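Engineer: Predicted structure and sequence below. I'll ask about it afterward.
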Amino acid sequence: MTLPDADPAAAGRTYTVKELFYTLQGEGLRAGRPAVFCRFTGCNLWTGRAEDRASADCTFCDTDFLGTDGPGGGRFAGPQALAEAIAACWPSMAGIPASEHGLPYVVFTGGEPTLQVDEALCRAVHQKGFEIAIETNGTRPVSPGVDWICVSPKAGTTLVQTTGDELKVVYPQSGQDLVALAALPFSHHLLQPLDDPQRADHTAAALRYCLSHPRWRLSLQTHKMLGIP
Ligand SMILES: C[S@@+](CC[C@H](N)C(=O)[O-])C[C@H]1O[C@@H](n2cnc3c(N)ncnc32)[C@H](O)[C@@H]1O
Ligand SMILES: Nc1nc2[nH]cc(C(=O)O)c2c(=O)[nH]1
Ligand code: SF4
Ligand SMILES: [Mg+2]
């Protein structure tokens, strides 16, 4: 049943989503965990158009976040509507012993999810029984209600979200200060090799850096190895 959005602050709020899909978290500390990915449309560091990439604040993005034309994408009329679509992506637990259910998990990403994720959405998604994670570039504060914050800072931008659960740094980026980043109060610090034509070299360099600076651990994009979304 679709409930009306009772929260007056949420009235008229729409969410624009590129795609919604069920897969494994491929990256970071929680790699391997089944999750619904909710990819919001739009980013504040790049228009998403190829002709603007070179002049963008973030130039290495591996993601198409334009429009609403991906699987499960669309415009959602309010928190309740989007929470229902997210819950519908989680597999049925009919016939599965309760000990094997696990906690339903959604990852808000994008594009830049902090442009859209708000408390009303988190409340609606929590009411569906989900734990909530976010992948953000850290240039905007994360809304209250998010349970797991992954910040991936972009060199040359101002970091606003300076605390969280994991700091996942794409490596290398010219002008990045890993000493300063290592000092930020995150629970976990990870280096993720830049996926570009030199990815193998960046992976070897990131591996060497982690071995010599053991504050850092390596994050590989395992979904790309597995051939899953
Ligand atoms: C597509 S971004 C979306 C979330 C948010 N805008 C951000 O940048 O964190 C998701 C993750 O992919 C990482 N990423 C994007 N392009 C990448 C690339 N070419 N190589 C490695 N990681 C990349 C980002 O740094 C971020 O951790
Ligand atoms: N499987 C999978 N894991 C991911 N972790 C972060 C992703 C992202 O694009 O934010 C991502 C993604 O696109 N796919
Ligand atoms: S900030 Fe995130 S979504 Fe935006 S362009 Fe960079 S990697 Fe892509
Ligand atoms: Mg991705």
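Structural biologist: Cool, got the structure. Ligands and ions are numbered 1, 2, ... in the order given.

Engineer: CA only for contacts and neighbour counts going forward, please
Structural biologist: Fine.

Engineer: pretty sure residue 78 is touching residue 17, no?
Structural biologist: No - counting by C-alpha atoms under 8 Å, residue 78 does not reach residue 17; the two are 11.9 Å apart.

Engineer: Looking at these two, which is more packed in?
Structural biologist: The neighbour comparison of residue 78 against residue 17 (other C-alpha atoms under 10 Å) goes to residue 17, with 29 against 21.

Engineer: Helix, strand, or coil at that one?
Structural biologist: Recorded secondary structure, residue 17: strand (DSSP: H, G, I helix; E, B strand; the rest coil).

Engineer: Same question for the one 4 residues further on.
Structural biologist: Taken by three-state DSSP, the conformation at residue 21 corresponds to strand.

Engineer: Can you spell out which residues form a bridge with it?
Structural biologist: Beta-bridge pairing of residue 21 under DSSP bridges involves residue 37.

Engineer: right, and it touches residue 70 too?
Structural biologist: No - applying C-alpha under 8 Å, one finds residue 21 not in contact with residue 70, separated by 9.3 Å.

Engineer: Go through the lengthiest helix in the chain and flag the buried ones.
Structural biologist: Longest helix in the chain, counting residues (DSSP state H): helix 199-212. Buried residues in helix 199-212, counted by 16 or more other C-alpha atoms under 10 Å: 202-203, 206-207, 209.

Engineer: from the residues you listed, which is closest to ligand 2?
Structural biologist: Closest approach to ligand 2 among the buried residues of helix 199-212 (C-alpha to the nearest ligand atom): residue 203, at 17.2 Å.
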